[in-house]
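Novice: Sequence plus predicted model, see below.
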Amino acid sequence: MNLAEEYASLSREVCHSAEDLKPVYCGFSACIDHLYDLDPVLRALEASNGHAERALWAKLVAFAHDGRGGEIEVDWPDGPEFFKDLPPKQALPGGTGVQVACQLALFGARPVLALERRDPKLMHLLHPNVTLAEADSGNADPPSPEPAPIHPIIEFSPACDGGGSTRADRVIVRFSEDLIEQDKAFVNHTCNRDHESGAGVVSGFNALKERKLESALAWGAGLLRRWTDIDIPLIHLELADFDTTSERDQMLRSFAGLYTSVGMNFSELQQLQSSDLNTPDSILGAVHSVARNLGVSRVTVHEDRWALSLTEGDPVKELRAIEFGCLTASTRAHVGQPTKPVGLPAGATLSGPPWPSIAKAQHDGHFVCCAAPYLDNPTTTIGLGDSFLAGTLAVLAGSHPSSSQKDLS
């Protein structure tokens with residue numbers, strides 16, 4: 001069986017078994033993403049010619065000319081009104097928890113989503129397989145219909161920006177800090193011992209500041225203690241991009257010992273380290289250091305061309321998980337929106353990473369690595385990390401046994 005056939009077989013197997021996946025609990029951020037191309041946004045900002053407009057114009061041009069994407073918070077109270085006058089080319093459900101839930105639902109699973117603000121516009125965008133917990137008769141505070149925040153996402157490519165980008169990328173714009181979804185019905189549902197879960201996803205705390213962050217972390221830590229008490233088998237913290245390292249470290253301290261798995265992209269791994277990660281051995285050392293310092297049994301890192309995990313669990317199952325995660329992300333990049341993978345996307349290439357597929361770690365566990373299907377010209381770069389996470393959970397939260405033929409080394 002060649003590699004393309006292997007990926008097609010993996011897609012069929014995982015998607016076929018997804019209907020039997022134990023529920024994955026997904027939290028705690030939710031928004032609506034409005035997608036725009038860079039050029040019309042720049043023209044509208046230039047035409048407005050206000051101070052805030054010029055400042056945002058300069059930031060977007062700098063990102064495009066540097067050939068990099070990112071997320072920025074803009075101090076512009078009238079910013080949301082400005083973008084209301086610009087019709088987006090597409091509206092998508094946003095937030096890591098939401099995107100993971102919708103991707104898992106596409107596979108046929110029935111994830112449970114934390115959604116305190118039941119905005120009809122956001123709920124209309126959710127996949128019908130996504131489950132929202134309902135308030136029981138003893139709960140006097142049903143979820144509210146408050147509007148979900150809207151995030152403009154500005155996409156650019158070498159064809160449109162004339163700058164330094166070699167691939168498509170995007171800038172996410174926030175005009176205020178986003179609150180997390182402290183959904184009481186979700187808490188009651190997920191902490192019920194009668195419900196069996198495959199995993200819990202923790203994300204969304206990176207947009208909060210100071211006292212709101214402190215309060216949200218205390219709430220999150222309380223919920224995670226309850227998840228730990230009922231033995232949810234995999235509690236995964238998705239690190240995300242914080243504005244400051246102190247805020248990131250505050251979250252890690254607050255949740256210490258309350259999660260078993262942590263995920264990040266390569267840039268976020270570098271930000272956790274004080275030294276450069278410019279050799280294969282230095283990357284492995286950094287991943288091992290993260291696992292030791294955070295006290296977790298699993299660390300996973302994804303990059304454009306590879307994914308790497310350190311796990312104390314079944315390394316063969318982990319390999320299938322990161323392979324399917326990479327395939328799910330690459331499929332989204334190719335199609336332009338969350339999609340069920342059927343095999344390698346057209347035009348995708350695979351470059352062998354500098355580590356073996358499975359290797360015994362120096363201390364506990366195994367390092368597991370795979371090549372990610374890489375596209376020179378992706379249709380989108382939005383939500384690829386969230387799609388990767390959903391793909392891994394479609395394997396890790398399942399009860400089906402490992403079936404890879406690769407031997408341990």
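Specialist: Yep, it's here.
Novice: separation between the closest residue to Ala109 other than its chain neighbours and Val61?
Specialist: The shortest distance from Ala109 to any non-neighbouring residue, by Cβ to Cβ, 6 or more residues apart in numbering, is to Leu21 (4.2 Å). For every residue, glycine as well, the C-beta is placed using N, CA and C. According to Cβ to Cβ, to the nearest Å, Leu21 and Val61 sit 44 Å apart.
Novice: With neighbour numbers in mind, choose between these two.
Specialist: Neighbours were counted for Leu21 and for Val61 using other Cβ atoms under 10 Å; Leu21 has more, 24 against 17.
Novice: one step back: so the residue nearest to Ala109 sits against Val395, correct?
Specialist: No - using Cβ atoms under 8 Å as the test, Leu21 is too far from Val395 to be in contact (9.3 Å).
Novice: Where does the residue nearest the centre of the chain fall, secondary structure wise?
Specialist: The residue lying closest to the centre of the chain (Cα atoms, centre = their mean) is Asp386, at 2.7 Å. Assigned by DSSP states H and E, Asp386 belongs to helix 384-396.
Novice: How far does that helix sit from its chain's centre?
Specialist: When distances are taken as Cα atoms, centre = their mean, to the nearest Å, helix 384-396 is centred 8 Å away from the chain's centroid.
Novice: And the contacts of that helix?
Specialist: The set of residues external to helix 384-396 that reach it, using Cβ atoms under 8 Å, 6 or more residues apart in numbering, is 14-15, 18, 21, 24, 96, 99-100, 103-104, 107, 109, 198-199, 201, 234, 236, 238, 263, 265, 300, 302, 307, 313, 317-318, 320-322, 324-329, 331-333, 338, 341.
Novice: And the helices in the stretch 251-400 of the chain, which stretches?
Specialist: All helices of the stretch 251-400 of the chain, identified by DSSP state H, counting those that start in this stretch, fall at 266-272, 280-294, 315-335, 384-396.
Novice: what about those, which gets the closest to Arg248?
Specialist: Arg248 lies closest, by Cβ to Cβ, to one member of the helices of the stretch 251-400 of the chain: helix 266-272, at 7.8 Å.
Novice: And the closest one, what's buried?
Specialist: Within helix 266-272, the residues that count as buried by 16 or more other Cβ atoms under 10 Å are 266, 268-270, 272.
Novice: residues of the one helix or strand Glu5 maps to that come out buried?
Specialist: Element membership for Glu5 (DSSP H and E) is helix 3-17. Buried residues in helix 3-17, defined by neighbour count with 16+ other Cβ under 10 Å: 7-8, 10-11, 14-15, 17.
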